[in-house]
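Q: with the sequence up front, the predicted model follows.
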Amino acid sequence: QKEVEQNSGPLSVPEGAIASLNCTYSDRGSQSFFWYRQYSGKSPELIMFIYSNGDKEDGRFTAQLNKASQYVSLLIRDSQPSDSATYLCAYGGTNAGKSTFGDGTTLTVKP
Amino acid sequence: DTGVSQDPRHKITKRGQNVTFRCDPISEHNRLYWYRQTLGQGPEFLTYFQNEAQLEKSRLLSDRFSAERPKGSFSTLEIQRTEQGDSAMYLCASSGLGTSGSYEQYFGPGTRLTVT
């Protein structure tokens, strides 16, 4: 079992819809959780981080964390074609040294 | 506010040669990380520094790989006797203690290594 599991996709949504990306992790000691966006051929870009159970909203993005279920998700509202990318889920441990990444979910937003 | 920079952006080398990559972190960040990423995979942790101290190194990291951060600023990653399996994107990230009390990592553009 991988430490971070993500559905590889591709996930396809129409423009203006809500895209829902999910991630489960195995390390119960994980303290911090991150979502990165990665365009093809580019490096990952941090778009959200969350440390407490519940929801965190930033613009069109909402991250949701449930530590009991070891589950973190990312919702993208009003999806745009420019949101088409691979979304990487990652977690860090106590005092957050290294981050452990999933292999990403590819999102395509169709005009 | 300049981001993380990496040099070179691309490197093509022949098998058996040594290569060295440089990373300059965001200036106020005291932590620096190296990751490797291959197509279709997420970044894989290699090593990280807090200031000049190397705090963790992946057990998967071959002895051919070495990293330094001598003055707690820029870092170098050297790969000796390169192999075709070393072909990948080498990513550097840096972090400081964020306002939330944790360490959010910001990546540089990466160095793409091709070993022929």
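A: Yep, that arrived. Because the structure is predicted, anything quoted here is derived from the model rather than measured. Numbering: from 1, shown residues only, chains lettered A, B, ... in the order given.
Q: what is the helix or strand where residue A:47 lies packed up against?
A: If you go by DSSP states H and E, residue A:47 is part of strand A:45-50. Strand A:45-50 sits against strand A:32-38, strand A:54-58, strand A:61-66, strand B:106-107, with contacts defined as 3 or more CB pairs under 8 Å, 6 or more residues apart in numbering or on different chains; DSSP states H and E. Bear in mind the C-beta positions are built from the backbone N, C-alpha and C, glycine included.
Q: contact partners of the second one?
A: With contacts defined as CB atoms under 8 Å, 6 or more residues apart in numbering or on different chains, strand A:54-58 is touched by A:47-48, A:50, A:62-65.
Q: at the contact with chain A, which residues of chain B appear?
A: Counting by CB under 8 Å from any CB of the partner chain, chain B comes close to chain A at B:33, B:35, B:40-45, B:48, B:55-56, B:89, B:91, B:95, B:100-110.
Q: now restrict those to buried residues only.
A: Those of those that meet the buried threshold are B:33, B:35, B:42-45, B:48, B:89, B:91, B:95, B:102-110, by 16 or more other CB atoms under 10 Å in any protein chain shown.
Q: those in strands, which ones?
A: The members of these that map onto strands under DSSP state E are B:33, B:35, B:44-45, B:48, B:89, B:91, B:95, B:106-107.
Q: assumed residue B:85 was part of a helix.
A: Yes. Counting by DSSP: H, G, I helix; E, B strand; the rest coil, residue B:85 is part of a helix.
Q: tell me, how many residues neighbour it?
A: Using other CB atoms under 10 Å in any protein chain shown, residue B:85 has 10 other residues around it.
Q: distance of it relative to residue B:9?
A: Remark: distance between residue B:85 and residue B:9 (CB to CB, to the nearest Å) = 21 Å.
Q: dump the residue contacts of whichever residue of chain B sits closest to chain A.
A: Closest residue of chain B to chain A, CB to the nearest CB: residue B:42 (3.3 Å). By CB under 8 Å, 6+ apart, the contact set of residue B:42 is A:4, A:88, A:90, A:101-104.
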